[in-house]
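> Attaching a predicted model along with its sequence, questions to come.
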Amino acid sequence: MGALKLCILASEMMPFAKTGGLADVAGALVREFGSLGHDVRAFMPLYRSVRSGPWEFSEVPAVSAVAMAIGDARYEFSLRSAVRSGSDRPVYFVDCPRMFDRGAVYTNDADEYRRFLLFTRAVIESCRRLGFAPDIFHCNDWHTALLPLLLKSDYAGNRLFLDSRTVLTIHNIGYQGIMPAAAAGALGLAPGDARFDAADMAHGVINALKTGIRCADAVTTVSPTYAREILAEPLGMGMQDALRARADGVTGILNGVDYDQWDPRHDPYLSVHFGAGDWDGKAANKRALLAASGLESDPAVPLIGMVSRLTEQKGLDLLYEALPSFLERRNCAFAILGDGEARYVQFFESLTREFPGRVGFHCGYDEAKAHAIEAGSDAFLMPSRYEPCGLNQMYSLRYGTIPIVHKTGGLADSVVHFDSATGIGTGCVFNDYDAAAVAWALNTAADWFADARVWRRLMRNAMGEDFSWGRRIAEYDTLFRRVAGAR
Ligand code: ADP
Ligand code: GLC
């Protein structure tokens, strides 16, 4: 089989829109599959923030002012395209201002499920009008998880897609896309259709992610450990039975890192670059971060960074207890960047008041600051309750910024606990999900830091790791070819 025709759909994609790692990964998949020689068509919604961005959009005449009904409501969409720098392939944008001209990428609006249902149907409809018959439709997370069903219902009679197959990648099982059972009609099916989960239907809901798991030709997730964890509670979060019912299971493929963006030797956001062994360069970045964060400047004090969506997933509840007592006992500093739930914002703000000069908190989304924290911190804390893959721990390794992580999902697959007797290992890994384990990990890392020889060994180990996309994309390629070939 030669080159594949791939249609990749995602609700966010770098460099156009990003709220988390999905954007980095979707953007990387499009680039990497393209460089393997596949014919890749990528689709995302034209959000307000994208429309007002620095992109030049072109009309796509074949897909203009297309009427689309979802239940009783009527919508209209057009397709636009834009080319990202360094690429010769356009990315397609579904332009439906009624749905996507809103203040945020994701909303709590009552029609949230309709926004992504419209997007997903618009992608299929666009492929039809463009005469593009993908070998694989690659869906990502709940937003696009209804595509496999739509191909088998609304579009079942369409000859163009007769040979198309579907792959669903789960980036985060905590978001499932719950919609009222009445949405069945909008999906072209009767509520009693066997493709819906009967128990969900009895409760009056359709679960987009579960429907995708039941209907897709293959299901993947973003690390081998998470692929095992989601087969049972608690981390299956209700999806475990649907996953276990699949004869082919769920394949875990670890995400890769875009080292063009995330490598201290040429990071576009840093003014001082450094590599392994260049401890002066690392120290200069630490000084810059301390100054920018309003922290006391003492190189002997370990500086711990965090960059995170502030949600329950990220293990922040453990810090209520662990951080104040750790800060009281040990001379450490924290540089924290994040945005999200108010209770966590308040907690970090109160920490900055309680420990002035030792805790810096920047509330908001700031790409440059994220890079500065990776480069300038000594260690990086990710106490996630669960983590499908996680990117920042892999970024941290390359910056010699030692990850302190909970042993779960992709964190378990990318960080090896350091053994000072053998000198092997790349970070500090704690097993139990509780405040005492976080405190233990922070203290252990601080002890290692106090011994410059040990710490430099750890930094060298970390910086020698390689999580580039090459191997990962080969795994996707093998899977896609298998799925496409099995028809
Ligand atoms: P998740 O997708 O669950 O948020 P990941 O670790 O996969 O977790 O990816 C998070 C990505 O989002 C990283 O690239 C990280 O640098 C970025 N990020 C998260 N919060 C912020 C923020 N407040 N400002 C800038 N970048 C952020
Ligand atoms: C999700 C997960 C994160 C993963 C990212 C990209 O948002 O929370 O662990 O790295 O998707 O796959």
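Looks like it came in fine. Ligands and ions are numbered 1, 2, ... in the order given.

> contacts and neighbour counts: CA atoms only from here.
Noted.

> what's the neighbour count on residue 56?
Residue 56 has 11 neighbours, counted by other C-alpha atoms under 10 Å.

> same question, residue 321
Residue 321 has 15 nearby residues by other C-alpha under 10 Å.

> what's the domain layout of the protein?
Structural domains assigned to the chain are 5-256+469-485, 279-463, following automatic domain parsing.

> okay if I get those as a markdown table plus mean pLDDT?
Output for the domains of the chain, formatted as a markdown table (pLDDT from 0 to 100):
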| stretch | mean pLDDT |
| --- | --- |
| domain 5-256+469-485 | 95 |
| domain 279-463 | 97 |
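
> As JSON lines, the ones you listed with distance to residue 268 would be great.
Shown next, in JSON lines, are those (distance: least, C-alpha to C-alpha, whole Å):
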{"stretch": "domain 5-256+469-485", "distance to residue 268": "14"}
{"stretch": "domain 279-463", "distance to residue 268": "9"}
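
> elements contacting the longest strand belonging to the chain?
Scanning the chain for the strand with the most residues, using DSSP state E, yields strand 73-83. If you count contacts as 3 or more C-alpha pairs under 8 Å, 6 or more residues apart in numbering; DSSP states H and E, strand 73-83 packs onto strand 58-59, strand 66-70, strand 90-95.

> Touching it from outside, list them.
55-60, 63-69, 89-96, 98, 122, 126 (C-alpha atoms under 8 Å, 6 or more residues apart in numbering).

> List the buried residues for that strand?
Going by neighbour count (16 or more other C-alpha atoms under 10 Å), the buried part of strand 73-83 is 75-82.

> Name the strands paired with it and say parallel or antiparallel.
If you go by DSSP bridges, strand 73-83 pairs up with strand 58-59 (antiparallel), strand 66-70 (antiparallel), strand 90-95 (antiparallel).

> Quick one, which of those gets closest to ligand 1.
Nearest of those to ligand 1, taken as C-alpha to the nearest ligand atom: strand 90-95 at 20.6 Å.

> Which helix or strand lies directly C-terminal to the closest one?
On the C-terminal side of strand 90-95, the closest following helix or strand by DSSP states H and E is helix 97-100.

> Could you list the buried residues of that following helix?
Quick answer for helix 97-100 (16+ other C-alpha under 10 Å): 97, 99-100.

> Now do the contacts for residue 88.
Going by C-alpha under 8 Å, 6+ apart, the list of residues near residue 88 is empty.

> Now it: which helix or strand?
Going by DSSP H and E, residue 88 is not part of any helix or strand.

> Tell me how many other residues surround residue 385.
Using other C-alpha under 10 Å, residue 385 is surrounded by 20 other residues.

> for the one 3 residues further on, same thing?
Applying the criterion other C-alpha under 10 Å, we find 28 residues in the vicinity of residue 388.

> quick one: secondary structure of it?
coil (DSSP: H, G, I helix; E, B strand; the rest coil).

> Can you pull up the residues of the chain that come close to ligand 2?
Contact residues, the chain versus ligand 2 (C-alpha under 6 Å from any ligand atom): 20-22, 25, 171-172, 222, 387-391.

> circling back to that earlier point, are any of the contacts of strand 73-83 buried, and if so which?
Among the contacts of strand 73-83, the ones that count as buried by 16+ other C-alpha under 10 Å are 57, 63-64, 89-96, 122, 126.

> Quick one: those residues as a markdown table, columns for distance to ligand 1 too.
Listed next are the buried ones among the contacts of strand 73-83 as a markdown table, based on distance: C-alpha to the nearest ligand atom, whole Å:
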| residue | distance to ligand 1 |
| --- | --- |
| 57 | 25 |
| 63 | 32 |
| 64 | 33 |
| 89 | 23 |
| 90 | 23 |
| 91 | 21 |
| 92 | 22 |
| 93 | 22 |
| 94 | 23 |
| 95 | 25 |
| 96 | 26 |
| 122 | 25 |
| 126 | 28 |
